[in-house]
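Engineer: I would like the atomic coordinates for the input below:
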Amino acid sequence: MARDRSEPDIVSTALARNRLGVPSVVFFGVAGAAPLTVVIGAITTIYAVVGNTAVPVVYLVVAAILSIFTVGFVAMSRHIVNSGAFYSYISHGLGRIPGVGAAFVALPAYALMQIGLFGLFGVVASGVLAGLGLAVGWFTCAIVAWVLVAVLGLLWVDLSGKVLAVLLIAEIVIVLVYDVVMVANPAGGSVSFSTLAPAQVFTPEVAAMMVLAIGGFVGFEATVVLSEEAKDPRRTIARATHWAVILAGLLCGLSAWAMSVGAGPGNIVAAARTEQTDLVFTLVGPHLPAALINLGYVLFMTSIFAALLAFHAAVSRYQFALGREGVLPRAWGYTHPRTGAPIVGSVSQSLLALGVLIVYRITGADPLVYLFAWLTVVGGLGVLVLMWSASAAVIAFFLRHRGKENVWRAQVSPIIAFLLLSIILFATIYGLGDLLQVESGSIFHWLFPTGYAVFAVVGFIWAVVMRAARPEVYAAIGRGADGGFVADAPRLKGSHTEPISARAMLAAHDVAPDSAPPWDDGPQWQSAEGDPGPWPPAPADTEQWQIPSQATPHWDSPSPATPPWEDAPQPPRDGSSPPSWGGPPTASWNAPTAPSWGPTAGRRELPPEQPWETPPEPSRWR
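Structural biologist: This next block holds a predicted model:
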């Protein structure tokens, strides 16, 4: 029978399905990494602040580390399709309580990353307009970007994907043009590869450089957040995530090397300290028309906007996943009926960003230092914590589900990624004060890591409360729209498998423990489409079938003296309508012309090679 609407469910409504292909998901991932912003801003900053020429090889090494992490990460994505991403994976791997703690870390981390970018956009857009003779403050420019992001966040996700596609393709083209120009016009007349030498990885400053470099990749993992909206997510997300890491790594590494060629390996640090974010434009300016230089500034601005849009999509879908499963209030689990966009998650993130922007405008704080630099560094720390935790979750998940993936995907790469990310995370926490450029005794050395720890502990406590007060909600944590891991099943007597969703718990609860299996007295299952499926259904398919309210068939059982396999199921003897399964009869079965069933220990079973015959048309009943 159909489930009652009053019964608890883990799905309030759904995101838009089958909207995004591999290219669109890649655009979201690479847009979050914002390659042009990294090239113009981050790479120059690392050269200037650290004073080491190993920047190109460091970016390639970080890309390799994240590629190793991605192997296990996307292997898990083939088994778990959930817009909760890190939260869902950690729930499946390490347990529901750590999963909720991870969710409470993810929400502020992605929110800070997105809001911080408004500060950079405002400053850059104000500078671009100043070049055109228009005096517009950073706050006004940031508000314009805020309005556009807020509107696009409520529209169709594939529309945002098309916007990102146009912006990102133009961004990548201009980066490649600048790189070719810098390499074609090397300082001193010869191209040098010294900044790509692997030996530079072992210099003392590399740890700090890797911390800064990994921030340039944050956003690639947003591909998994879009898994429920992707076409064939088990393939699309895996390919898109790999491509997002590879493209971002190659672009950043190649551009860092090209900058060292254009300025000269011996002069790149001094040039970066002098020119700062204008370094690239200074190097290519003498060799390109002014129109391409101006276009570069405009695309720098649109690159930041693309990252704003990508992070907004990520944080709003995190909130949707938590609202749908009852971790946040249920209102967060609703989507727009036409666009499929998460309504409350998108609006709440927009309102939070607006409030922060107003506070910075009132206080007069430097938007480039205290809004962009601080919030993105702190947000990046939270995302790094999530990556580290997800690596551990992948290891634990495949230890419990052996044979689902090969040894490289399930064990070797996750262990390597966990060890490497542990080193980077320790270096980030240890040197966070230096990254924020605060004094040695400042409270900000430990305030932000402690803040994330507090958020995680609050998540742990909230999960424990849910386990005690709302066990059906606790059971659904991290399991998503389709009940989570495809191989999971409701708890069976004597089994140690956890129930995977509220729907699975209800399905297991509706059948009395002492009753016979549902296939002992004739077919009692009905698919969601109203057609009888393969018989008997496998336990893993429990959630796809509806259980009738009665443990007995809807028609009288045949006399024991008559073998049940010699005649077709008879209509009720009271002359009422033929049997129905959940609604008006749409199908029946023909009586086999020869014995096709055989009793086995008193149970009627269908041999694997003898499936049910195709049901006749409804007219056959009349």
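Engineer: which intervals of the protein have sub-threshold pLDDT?
Structural biologist: Low-confidence segments of the chain (pLDDT under 70): 1-33, 81-84, 156-161, 219, 221-235, 339-340, 480-622.
Engineer: Show the contacting residues for Ala390.
Structural biologist: Contact analysis of Ala390 by CB atoms under 8 Å, 6 or more residues apart in numbering lists Phe69, Phe73, Phe86, Tyr89, Ile90, Gly93. (Each C-beta comes from the backbone N, C-alpha and C, glycine too.)
Engineer: Report how many residues lie close to the second one.
Structural biologist: Look at Phe73: counted by other CB atoms under 10 Å, it has 31 neighbours.
Engineer: what about it, is that helix, strand or coil?
Structural biologist: Judged by DSSP: H, G, I helix; E, B strand; the rest coil, the three-state class of Phe73 is helix.
Engineer: If we ignore the residues flanking it in sequence, what's nearest Ser303?
Structural biologist: Nearest residue to Ser303, sequence neighbours excluded (CB to CB, 6 or more residues apart in numbering): Leu36, at 4.0 Å.
Engineer: thinking again about what came up before, which among the contacts of Ala390 gets closest to Ala150?
Structural biologist: When those are compared for distance to Ala150 (CB to CB), Phe86 comes out closest, at 24.6 Å.
Engineer: give me the number of residues near the closest one?
Structural biologist: With other CB under 10 Å as criterion, Phe86 counts 26.
Engineer: Check the spacing between it and Leu132 real quick.
Structural biologist: Distance from Phe86 to Leu132, counting by CB to CB, to the nearest Å: 42 Å.
Engineer: swap in Thr203?
Structural biologist: Distance from Thr203 to Leu132, by CB to CB: 43 Å.
Engineer: So which of these two has more stuff around it?
Structural biologist: Using other CB under 10 Å as the criterion, Thr203 and Leu132 rank with Thr203 on top: 14 against 8.
Engineer: What distance do you get for Ala64 to Phe193?
Structural biologist: Distance of Ala64 to Phe193, computed by CB to CB: 18 Å.
Engineer: What of Gly382?
Structural biologist: 36 Å.
Engineer: Same check on Ala248?
Structural biologist: Note on Ala248: its distance to Phe193, by CB to CB, is 22 Å.
Engineer: what about those two, which has more around it?
Structural biologist: Ala248 (26 against 11).
Engineer: Touching, that one and Val62? I think so.
Structural biologist: No. Ala248 is beyond contact range of Val62, at 9.7 Å (criterion: CB atoms under 8 Å).
Engineer: So for these two, which residues contact both of them?
Structural biologist: Between them, Ala248 and Val62 share the contacting residues Gly216, Phe217, judged by CB under 8 Å, 6+ apart.
Engineer: Next up, the contacts around Leu36.
Structural biologist: Here Leu36 is in contact with Glu171, Ile174, Val175, Leu299, Phe300, Ser303 (criterion: CB under 8 Å, 6+ apart).
Engineer: switch to 10 Å and redo it
Structural biologist: By CB atoms under 10 Å, 6 or more residues apart in numbering, the residues touching Leu36 are 167-168, 170-172, 174-175, 178, 251, 255, 280, 296, 299-304, 306-307.
Engineer: for it, helix, strand, or coil?
Structural biologist: Under three-state DSSP, Leu36 comes out as helix.
Engineer: Could you report the distance from it to Leu107?
Structural biologist: 28 Å.
Engineer: Same question for Ile90.
Structural biologist: Distance from Ile90 to Leu107, by CB to CB: 14 Å.
Engineer: again, but for Ser260
Structural biologist: For Ser260, the distance to Leu107 equals 39 Å [CB to CB].
Engineer: more neighbours, those two?
Structural biologist: For Ser260 versus Leu107, neighbours defined as other CB under 10 Å are more numerous around Ser260 (30 against 21).
Engineer: quick one: the more buried one and Gly266 touch, right?
Structural biologist: Yes. Counting by CB atoms under 10 Å, Ser260 touches Gly266, with 9.4 Å between them.
Engineer: Spit out the residues that contact those two alike.
Structural biologist: Among the neighbours of Ser260, those also in contact with Gly266 (CB under 10 Å, 6+ apart) are Thr53, Ala187, Ser192, Ser194.
Engineer: Please report how far the closest residue to the first one other than its chain neighbours lies from Trp257.
Structural biologist: Spelled out, that is Thr53. Excluding its sequence neighbours, the residue lying closest to Thr53 (CB to CB, 6+ apart) is Thr195, at 4.9 Å. Using CB to CB, Thr195 is found at 6 Å from Trp257.
Engineer: and the two? which has more neighbours close in?
Structural biologist: Between Thr195 and Trp257, counted using other CB under 10 Å, Trp257 has the larger neighbour count: 26 against 22.
Engineer: what's around Gly51, how many residues?
Structural biologist: Residues near Gly51, counting by other CB under 10 Å: 12.
Engineer: Report the contact partners of it.
Structural biologist: Glu205, Val269, Ala270, Ala272, Arg273.
Engineer: Next, give me the two most distant ones among the residues you listed.
Structural biologist: Greatest spacing in the contacts of Gly51, by CB to CB: Glu205 and Ala270 (16.4 Å).
Engineer: So Ala373 sits against Gly379, correct?
Structural biologist: No. Contact between Ala373 and Gly379 fails when scored by CB under 10 Å: they sit 11.1 Å apart.
Engineer: So which of the two has more stuff around it?
Structural biologist: Counted by other CB under 10 Å, Ala373 and Gly379 do not tie: Gly379 has more neighbours, with 25 against 20.
Engineer: Could you pull out the buried residues of the host helix or strand of that one?
Structural biologist: Taking DSSP states H and E as the definition, Gly379 sits inside helix 374-400. Neighbour-count burial for helix 374-400, with 16 or more other CB atoms under 10 Å as criterion, is recorded at 374-398.
Engineer: Sketch out the strands for this protein, chain order is fine.
Structural biologist: Along the chain, the segments classed as strands by DSSP state E run 526-527, 545-546, 598-600, 603-605.
Engineer: on that earlier part again, go through the contacts of Ala390 and say which is closest to Ala42.
Structural biologist: Among those, and counting by CB to CB, the member closest to Ala42 is Phe69, at 19.8 Å.
Engineer: All set, thanks.
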